[in-house]
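> pasting the sequence and the predicted model now:
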Amino acid sequence: MQRPRLGDLTGAFGDLGTLLPLAAGLVIVSGVDPRGFFVTFGIATVVAGFAFRLPMPVQPQKAVAAAAIAEGWPATHVYGAGLGIGVAWLVIAATPLLGWLRQIVPVFIARGVQLGLAFTLGAQAVLLLARRVPVAVLALVILAVTLRYRLLGIGLTVAAAIALMPRGTLAFAPELPAVAAPPLVDVIEGMLRGGIAQMPLTLANAIIATAALSAQYFPDRPVTERRLAVSTGLMSAAGAFLSAAPFCHGAGGLAAQYFYGARTVWKNVTEGSLAIALGLFFAPGLADLLSAFPMPMLGSLLLLVALELLSSAQGLFGWQGWIATGMAVLAVATNIGVAFVGGFVLAHVVREGVHRGWLPRLKGKTPAEYLAQIPQRAFGPSRAA
């Protein structure tokens with residue numbers, strides 16, 4: 001058994017900037033049950049740590065969460081998407097489909113999905129910031145601090161939000177999460193509105209990139225893509241029955257937690273135990289606190305996630321960048337599911353057109369590449385507090 005380290009404690013909060021705004025948005029906007037969300041997240045985090053024998057991150061699936069928040073899904077659609085995604089990844093992991101998907105889904109399509117998420121979350125963040133301008137100014141100042149000093153900024157955000165919320169305490173109310181199967185109509189609706197678009201993003205970031213990064217950080221504890229697919233399927237499917245959002249792993253979360261010192265499974269034990277305790281014993285008060293979360297503060301956190309997603313478009317030149325940019329615009333005009341299907345079809349049409357000489361081979365920078373440089377140029381590289 002690995003010995004706990006101080007870095008595991010700080011690393012447990014290294015990905016809070018992604019978890020907190022998505023959790024708050026799902027609870028506030030879509031009405032996701034905080035008890036099921038935090039209990040599922042906690043159990044999945046602890047189990048993942050021991051299963052992979054390293055500080056494996058667990059996080060809400062961004063495409064589904066962002067679409068649900070930006071489009072105001074009901075909670076049942078979120079649960080339905082989780083069941084559909086979970087079953088899909090279990091099937092993919094049990095068959096040769098994983099290798100086939102890697103061949104037919106271009107990596108830039110997954111990054112186009114991320115760019116579309118950046119646009120939709122950014123638009124939602126602006127609307128939330130506009131609700132209370134004085135609080136929005138404070139939120140944006142704290143956001144600037146967060147981009148440079150992640151843990152300090154998140155701490156200031158939480159402290160400011162608590163100070164602005166109505167006075168109250170978390171009441172001790174122990175209760176197990178309710179168990180229920182999402183109706184088939186919600187599974188279909190959730191998959192069409194965001195679940196299908198989530199699949200390439202999960203493949204690229206939560207499976208392929210996470211396996212590669214874990215091999216770089218922990219070469220003595222290899223992680224296979226198939227095991228990550230199975231883990232994603234189990235977390236998402238089980239969470240659907242416990243009224244939670246679909247979860248996955250992620251290269252960004254692994255990098256953030258490693259940066260803040262996480263090296264052993266004790267990071268997962270710390271983070272997961274805290275989440276389970278909150279979900280099991282304080283869910284009613286937690287729901288009230290999240291629901292009373294000042295909207296401009298939530299907007300600043302969503303803007304932070306949008307900026308991080310925006311940076312994923314780096315290196316998208318030529319046709320790839322133009323298609324990714326078009327996907328982002330289409331995501332705002334319709335939804336992320338339509339954007340994914342449109343980008344996927346267009347990518348194969350363009351590839352065939354270039355191959356046959358019907359279309360020119362474009363080179364040079366694209367709007368996607370310029371957009372990807374905004375976070376770094378405006379705020380500089382992130383560093384520890």
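Yep, that arrived.

> would you mind measuring from the spatially most central residue of the chain to residue 309?
Nearest residue to the geometric centre of the chain (C-alpha atoms, centre = their mean): residue 62, 3.1 Å. Look at residue 62 and residue 309: by C-beta to C-beta, to the nearest Å, they are 7 Å apart. Any C-beta I mention is one placed from the backbone N, CA and C, and that applies to glycine too.

> joint contacts of these two?
Taking C-beta atoms under 8 Å, 6 or more residues apart in numbering as the criterion, residue 62 and residue 309 both touch 114, 117.

> for residue 300, what are phi and psi?
Main-chain dihedrals, residue 300, degrees, to the nearest 10: phi -70, psi -40.

> for it, what are its contacts?
Neighbour list for residue 300: 125, 129, 136, 139-140, 142-143, 157 [criterion: C-beta under 8 Å, 6+ apart].

> list only those of these flagged as buried.
125, 129, 136, 139, 142-143, 157 (16 or more other C-beta atoms under 10 Å).

> tell me the one of those nearest residue 258?
Checking those against residue 258 by C-beta to C-beta gives residue 157 as the nearest, at 22.6 Å.

> about what we covered before: now do the residue nearest to the centre of the chain, the pLDDT please.
pLDDT, residue 62: 86.

> give the contact list for the residue lying closest to it once chain neighbours are set aside.
Residue nearest to residue 62 in three dimensions, not counting chain neighbours: residue 117, with 5.8 Å by C-beta to C-beta, 6 or more residues apart in numbering. Listed by C-beta under 8 Å, 6+ apart, the contact set of residue 117 reads 62-63, 66-67, 306, 309, 331, 336.

> which of those fall within helices?
62-63, 66-67, 306, 309, 331, 336 (DSSP state H).

> residues contacting residue 263?
Counting by C-beta under 8 Å, 6+ apart, residue 263 has contacts 2, 5, 7-8, 11, 55.

> now swap in residue 48 and tell me
The contact partners of residue 48, taken as C-beta under 8 Å, 6+ apart, are 56, 58, 231, 235, 249, 268.

> out of those residues, flag the one nearest to residue 351.
Once C-beta to C-beta is applied, the member of the contacts of residue 48 that ends up nearest residue 351 is residue 249, at 29.7 Å.

> out of the ones in helices among the contacts of residue 117, which are buried?
For these, a burial check counting by 16+ other C-beta under 10 Å picks out 62-63, 66-67, 306, 309, 331, 336.

> ok, those vs residue 110, which is closest?
Among these, residue 63 lies closest to residue 110 (C-beta to C-beta), at 9.6 Å.

> grab the nearest non-local neighbour of the closest one.
Closest to residue 63 by C-beta to C-beta, 6+ apart is residue 198, at 3.8 Å.
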